[in-house]
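Colleague: sequence and computational prediction follow.
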Amino acid sequence: MPLQPNGDTPMATPSSGLGDALRRERRRVVLVYLLLAIAWVASSDAAVYAIVADPRQAAWLQTAKGLFFIFASATLLYLLLRPFGANLLQVTTRLAASDKRHRQAFVGNPGPVLIYDLQTARILDANPSACTLFGWEREQLLGQPIGCLWPPGAEAQLDAKLEQLREHPEQTCVLRSALQLRDGTVRQMELRSNAIDVDERPARLLIVIDRTAEDEALARRDQALARVEEAHELARIGAWQLDPATGLASFSRQVYLLLGRRPPQARTWHRFDELLVPADAATAAMTEQLLAGMSSGEPVHVDVLLPLLGMDGRPLMTHLRAESGLDDAGRPRVLGTLQDVTEREQSRRLLREREEQFRELVRVLPDGVVILSDEHVLYANAFAVRLFGYDGHTLLGEPLQALVAESGLSSVRALLRDRVPEDTAGHAIVSSMQRVDGSGFQAGLSVGEVRYGGRDCRLLIVRDLSDTERTRIALENSNRELHAMAGRLFSLQEDERRAISRDLHDDIGQAITAIKLSAWAALDEEDGARRREDLQQIVGLADSTVGKLRDLSMLLRPPQLDALGLEAALRWQAGVLFRASQTELLAHIDTLPERPDNAIEQACFRIAQESLTNALRHARASQVLLHLRDIGQGRLHLQVRDDGEGFDPHGPRGLGLIVMRERAQSVGGQLRIQSAPGEGTLIELHLPYRVDTRSTHALEHLP
């Protein structure tokens, strides 16, 4: 009878051998019964008719014979069927046990198992694990086509596989495929399928193994191995192993790469010193000694720096490590790593050099450097020792209050308690300090954090401000005097110009009045010769007046500066000054892309005018260079150089140089004066290039 695992759909039929045995037993019983019945009927009838002649007695004997045959055949059937029934009961019991075992194996199987019809490809049964895995209820899953478990796009592959199984139904199938859960999730599965019969129809038993977690683990392992490989390449480190018995070594791909060699396609064994080429004779001797120790069979522990040569001949500093171990087959091996530490060793060497340079810098630094721990001196450079009046190492161990005056102790302690941000510069205060003899001085203090002697300490930089303070006060006084003098000078210049302008106005006005009176007189003059003489006098007076007005006006402020701009004004001024001079003028005045601001033009023109005038009057130069250009980045550059006598820049200076510097500073510029006796003078002016806000069409307003 068929086995039904869940009481609904038949799963399998009884054993064919058991069915054949039952059929053979059934035929044997029937055949024996027929043979006995035929023999009895034939023999008994013949005996009755031979013994009894009376028909009535013969009929009674026939009846008795029939009854005897019935009871005898029943007894015989009972005796024949008794072992058959026992055998059948035993078979039924075994079938029930087998059915139970199959039901438990199918229903209780922790792995997903499905049964589907091979011809229709519809699901006939599914165990609870399969329903749980795919997210279907059993009633919903039964009758569905097996293709509902495949993701979209895989139908062609599934159909081809089903056709192959229909052609070879007894074939056992194992494959990997992506299956889709009911919620749309796709997982990687391993499918194992074999043939079974359900109700005398071909079917397939499908066992599903979820390999998604395994694949993900393998992918993570491959990714981790790739990261390890990448880390090895970044760290320039490779692995190797040595066979102590033969002295041959096998190296990883990274070792070949860091040595500048091409990695072989297959695993290759080399002599240890064949691939690792020593950089010198001492390294070669060390390599031989290491190889002898690793081949001795004794426990190995190696950790050395080994200078080698790359394939291109460049020197490499490598870090060689080795330990005794076993390979995958359990054979003794020396396992090790080789790392390229060339850059690290160079960095260490540079760091040592920088540390030595830093120590030397601290030693010769013109500021006191003191390292404090718990407000006691752990270190002081030579300048600090001299600054505080100590001898030798007597400053070490001194408390903070021995260095700081009582009035400034609280502020210094507050500064030391505050943590200084790493990106903060100039974290400093000015405090009163004291020397060992009790004398005091003003110092600027800067604080930082430093590790010294394995402890977190405070770095105190002390700058003596005694001379600086006096210089600052003197400089402030000088600046005040200079600004006052410059202001007075500018005021006097403007007063002088105002007076000149007023005198010119009065002089010109009187001349025009005289011209006017002479003109009226000429109009009233009847004598033609005298009228002509008066008119000539008027013309001469007008010419001299106009010439005087033009010369003085251009001297005070050339009209070219307003009308044509800075370049034209400088060319005119240079031409006027050097017109009657034996000094050669080399003028290189570039055309500016845009006109500068009025204040910039005026300052540049006046400084150039003063520089050229000084070169003519005082330098006794044979050649003067004037150069004006735009140097970009919003800067205007003026240069005046002469090959004259020069002067001492540290000696007393004239008022003209001071005025030039003040003019430059007043518009945000910088003036540099470089000179020495007998070496000429260089005046360089840098001004901000602010664009003029006046109309760029000034030429249209000229008369």
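Modeller: Arrived safely. Numbers count the residues shown, from 1 in each chain.
Colleague: state the distance from Gly325 to Pro244.
Modeller: 11 Å (CB to CB, to the nearest Å). To be clear about C-beta, it is placed using only N, CA and C from the backbone, and glycine gets the same treatment.
Colleague: swap that for Leu671, please
Modeller: With the distance defined as CB to CB, Leu671 ends up 82 Å from Pro244.
Colleague: next one: Leu585
Modeller: Leu585 sits 91 Å away from Pro244, going by CB to CB.
Colleague: what comes into contact with the one helix or strand Arg352 maps to?
Modeller: Using DSSP states H and E, Arg352 falls within helix 342-364. Outside of helix 342-364, the residues within contact range by CB atoms under 8 Å, 6 or more residues apart in numbering are Leu305, Pro315, Leu316, Met317, Thr318, Val369, Asn381, Ala382.
Colleague: 6 Å instead, please
Modeller: By CB atoms under 6 Å, 6 or more residues apart in numbering, the list of residues contacting helix 342-364 from outside reads Leu316, Met317, Val369, Asn381, Ala382.
Colleague: which residue comes closest to the first one once chain neighbours are left out?
Modeller: Sequence neighbours aside, Leu308 is the residue nearest to Leu316 in space, at 4.8 Å (criterion: CB to CB, 6 or more residues apart in numbering).
Colleague: so what's that neighbour bridging to?
Modeller: Note on Leu308: beta-bridge partners Pro278, Leu316, judged by DSSP bridges.
Colleague: tell me the secondary structure of the residue nearest to Gly408 when sequence neighbours are not counted, please.
Modeller: In space, and not counting its chain neighbours, Gly408 is closest to Ser431: 3.6 Å by CB to CB, 6+ apart. Recorded secondary structure, Ser431: strand (DSSP: H, G, I helix; E, B strand; the rest coil).
Colleague: for Ser431, give me the pLDDT.
Modeller: Among the per-residue scores, Ser431 shows a pLDDT of 84.
Colleague: ok, it - how many residues close by?
Modeller: When neighbours are counted by other CB atoms under 10 Å, Ser431 registers 21.
Colleague: quick check, it in contact with Val412.
Modeller: Yes - using CB atoms under 6 Å, Ser431 is in contact with Val412, at 5.5 Å.
Colleague: element containing the most centrally placed residue in the chain, please.
Modeller: For the chain, the residue nearest the mean C-alpha position is Leu234 (14.7 Å; CA atoms, centre = their mean). Remark: Leu234 resides in helix 212-235, with elements defined by DSSP H and E.
Colleague: tell me the pLDDT of Val420.
Modeller: The model reports Val420 with a pLDDT of 45.
Colleague: ok, now Ala279?
Modeller: 86.
Colleague: look at Tyr452 and say how many residues are nearby.
Modeller: Neighbourhood size, Tyr452 [other CB under 10 Å]: 14.
Colleague: the strands in the stretch 251-400 of the chain, which residues?
Modeller: 269-271, 301-309, 315-326, 332-340, 368-373, 376-380 (DSSP state E, counting those that start in this stretch).
Colleague: ok, and what's touching the longest one?
Modeller: Residues outside strand 315-326 that contact it (CB under 6 Å, 6+ apart): 279, 299-300, 302-308, 310, 333-342, 345.
Colleague: show me which of those are buried.
Modeller: By the neighbour-count criterion of 16 or more other CB atoms under 10 Å, the contacts of strand 315-326 include these buried positions: 279, 300, 306-308, 310, 333-342, 345.
Colleague: on that earlier part again, by contact count, what packs against the helix holding Leu234?
Modeller: Of the remaining helices and strands, those touching helix 212-235 by 3 or more CB pairs under 6 Å, 6 or more residues apart in numbering; DSSP states H and E are strand 186-198.
Colleague: rounded mean pLDDT for whatever helix or strand comes next after the strand it packs on, please.
Modeller: Of the helices and strands lying after strand 186-198 in sequence (DSSP H and E), the nearest is strand 201-210. The pLDDT scores in strand 201-210 average 90.
Colleague: direction included, what does strand 201-210 pair up with?
Modeller: Assessed with DSSP bridges, strand 201-210 is paired to strand 113-117 (antiparallel), strand 186-198 (antiparallel).
Colleague: let me know which of those is tucked in deepest.
Modeller: Ranked by mean neighbour count under mean count of other CB atoms under 10 Å, those are led by strand 113-117, which reaches a mean of 21.
Colleague: quick one, helices of the stretch 501-650 of the chain?
Modeller: Assigned helices in the stretch 501-650 of the chain, in chain order: 528-556, 559-563, 566-577, 598-614 (criterion: DSSP state H, counting those that start in this stretch).
Colleague: revised request: answer the last question for the stretch 1-150 of the chain.
Modeller: 16-51, 55-107, 128-134, 138-141.
Colleague: could you dump those helices into a markdown table with mean neighbour count and mean pLDDT added?
Modeller: Converted to a markdown table, the helices of the stretch 1-150 of the chain look like this (neighbours: other CB atoms under 10 Å; pLDDT from 0 to 100):
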| stretch | mean neighbour count | mean pLDDT |
| --- | --- | --- |
| helix 16-51 | 12 | 70 |
| helix 55-107 | 13 | 75 |
| helix 128-134 | 18 | 90 |
| helix 138-141 | 14 | 89 |
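Colleague: those helices into CSV, with extra columns for distance to Glu533?
Modeller: Below are these laid out as CSV (distance: least, CB to CB, whole Å):
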stretch, distance to Glu533
helix 16-51, 164
helix 55-107, 150
helix 128-134, 134
helix 138-141, 138
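Colleague: which SSE is Met660 in?
Modeller: helix 655-666.
Colleague: chain center to whatever helix or strand comes next after that helix, what's the gap?
Modeller: Downstream of helix 655-666, the next assigned helix or strand under DSSP H and E is strand 670-675. Remark: strand 670-675 is offset 47 Å from the chain centroid, using CA atoms, centre = their mean, to the nearest Å.
Colleague: average pLDDT for strand 670-675?
Modeller: So the average pLDDT for strand 670-675 ends up being 90.
Colleague: what residues of whichever helix or strand comes after it count as buried?
Modeller: The helix or strand immediately downstream of strand 670-675 is strand 681-688, counting by DSSP H and E. By neighbour count with 16+ other CB under 10 Å, strand 681-688 contains the buried residues Thr681, Leu682, Ile683, Leu685, His686, Leu687.
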